[in-house]
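Visitor: Next comes the sequence, and after it the predicted model I'd like to discuss.
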Amino acid sequence: MDIQALSPEIIQETQVQSSATTTDSIPTDLINATFSSTCIDLISAPLSSRILSFSDEFFAPASNLLNPLPPIHRPGVFIATGAWYDGWETRRHNTRPYDWVVIKLGVASGRVRGVEIDTAFFTGNYAEAVSVQGCFESGDNADEKVKGEEYEGWKEVLGRRVCGPSRRHGWRVEGGMEVTHVKLCMFPDGGIARFRLFGEAVPVWPQDEEEEVELSAAVMGGVAIACSDEHFGRKENLLLPGRGMDMGDGWETKRSRGKGHVDWAVVRLGARGRVSRIVFDTRHFIGNFPQCVKVEGCDIQDSEETPGSADKRWTELMGAEKLGPDELFEFKGERIRMANGQKYSHVRITMIPDGGVKSLDESTKKGEKEGPVL
C-alpha cells in the first residue's frame, strides 16, 4: 500500500486548524452586533493605546493596527519599501516561528471579551494565522518589563487561529481575562490591517472623595450601547478623551427632513452615580451642530438590559438647551435636575433635530458614585 508523504506546509496547516474551535468564531457580518453594545475597543488609538515594541515593520508600521477607521486601499501607490498598505506588514522569509507586536492598552486595564483581526486588502501577503497573549503588569516600569522578548509573563488570550485574505475575522473570548498589555503574534509573517480587542475597561477610581469623575468616559467604563443613527460618525466617539482631530472624531447623524425628528444615543455609565455636571463639545461641528440637546437618565439594576427609546423609566436630567458651533457647553447647578439625589446607570442624549457633537461628559464626585455597571 502506498502511503502519501505530507509536506511541512500541509502539516503546519493541519496543526493550525486543529487548534481552532468553531464555537468561538463569529461571522463577519455579526462582529459589530456582537460587541458594539457591550464593549469598547481597548486598544483603539484615540484611547492613547500605543505600540511598545515589535519584531519587524519593514513594509508598513505596526501603529496602523490601532487606527479606529476602516482600512483603505491605494492600488498603484508605491513607497520606498514597495506597495503602500494601510496596516502592519513585515518582511518575507521570517526565520522565527512568528512576528509579534506588544501593545499597551489605552485604559488602566480591561477584561477581554473578543478579538478582531482584519486583513483588508492583504491578499498575497496576509497573515496565515494569529494568536493573542495578555498580561497584567502595573507600576512605573511595567512597559519596559513587558516590551522585551525575554518577558515570560504572557498568558494565552486567544490560541492560534487561521486567517484568510482581505476579510474581517472575529472570535469571542471566554473568561474575561483582565490585562494591561497584549501581544499579537502573526504566523509566520505577512500583513494585518487592523487589530481590535473588545472588552470592558476596569477603571482606577481616585482616592479623593471630592474629586470629580467622568462617569460616561470610555476609560472609566462608559459604553455607548445604542443610537438612532450614526451615518457620518460613530456613537462610540462620544466617550473618547480629548477634543478630536476633525469632524470624523465625533458622533454625527444624517440630515433629517421630517417634522419633529430627533436623534438619540444611549450610554451605559461606568458606575451608578448622581450627575452633577454635563458638558457637550461641538468642536469641528460648525455648520452641522444640533439646534438643541437634552439629557435623560434611568437606573437599571439588570446589567444585561438595554433601555429602549420608549422606556417609561427615563426621567429628565436636563431640558432642551441650545448649542453653538465649535465650542464647549457646560451645564450644572439649576440647569440639571438632580431628581432628589437620584442615581443613574444609563443616560440618553437627544439631538434636536439632528447633527453632530464631538463628545459628552457626565460627571459626579467620586463619593457620589457606586460600583461599576457591568
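Guide: Yes, it's here.
Visitor: Tell me the backbone dihedrals of V77, please.
Guide: The phi/psi pair for V77 (degrees, to the nearest 10) reads phi -90, psi 130.
Visitor: Burial check on it, number of neighbours?
Guide: Residues near V77, counting by other Cβ atoms under 10 Å, number 9. Glycine gets a C-beta too; all of them are placed from N, C-alpha and C.
Visitor: got it, and the one 5 residues further on?
Guide: G82: 13 surrounding residues under other Cβ under 10 Å.
Visitor: how close does it sit to D99?
Guide: 17 Å (Cβ to Cβ, to the nearest Å).
Visitor: Same question for E150.
Guide: Computed with Cβ to Cβ, the distance linking E150 and D99 is 17 Å.
Visitor: higher neighbour count, these two?
Guide: With neighbours defined as other Cβ under 10 Å, E150 and D99 compare such that D99 has more, 25 against 6.
Visitor: quick one, what contacts the more buried one?
Guide: The contact partners of D99, by Cβ atoms under 8 Å, 6 or more residues apart in numbering, come to 54-56, 90, 185-186, 188-190.
Visitor: Report the beta-bridge partners for it.
Guide: When bridges are called by DSSP bridges, D99 pairs up with M186.
Visitor: Tell me the pLDDT of it.
Guide: pLDDT for D99: 99.
Visitor: Equivalent analysis for the one 4 residues further on, please.
Guide: We note a pLDDT of 99 for I103 in this prediction.
Visitor: just M1 next, same as before
Guide: Looking at M1, its pLDDT is 36.
Visitor: likewise the one 4 residues further on?
Guide: At A5 the predicted local confidence, pLDDT, stands at 41.
Visitor: Equivalent analysis for I352, please.
Guide: Per-residue confidence at I352 stands at 98 (pLDDT).
Visitor: And the one 10 residues further on, by the same measure?
Guide: pLDDT, E362: 87.
Visitor: And for P8?
Guide: At P8, pLDDT is 42.
Visitor: And for G233?
Guide: Taking G233 on its own, its pLDDT is 96.
Visitor: next one: Y344
Guide: Model confidence at Y344, given as pLDDT, is 93.
Visitor: surely I192 meets E128?
Guide: No. Using Cβ atoms under 8 Å, I192 is not in contact with E128, being 10.9 Å away.
Visitor: So for those two, which sits in the more crowded spot?
Guide: Neighbours were counted for I192 and for E128 using other Cβ under 10 Å; I192 has more, 29 against 18.
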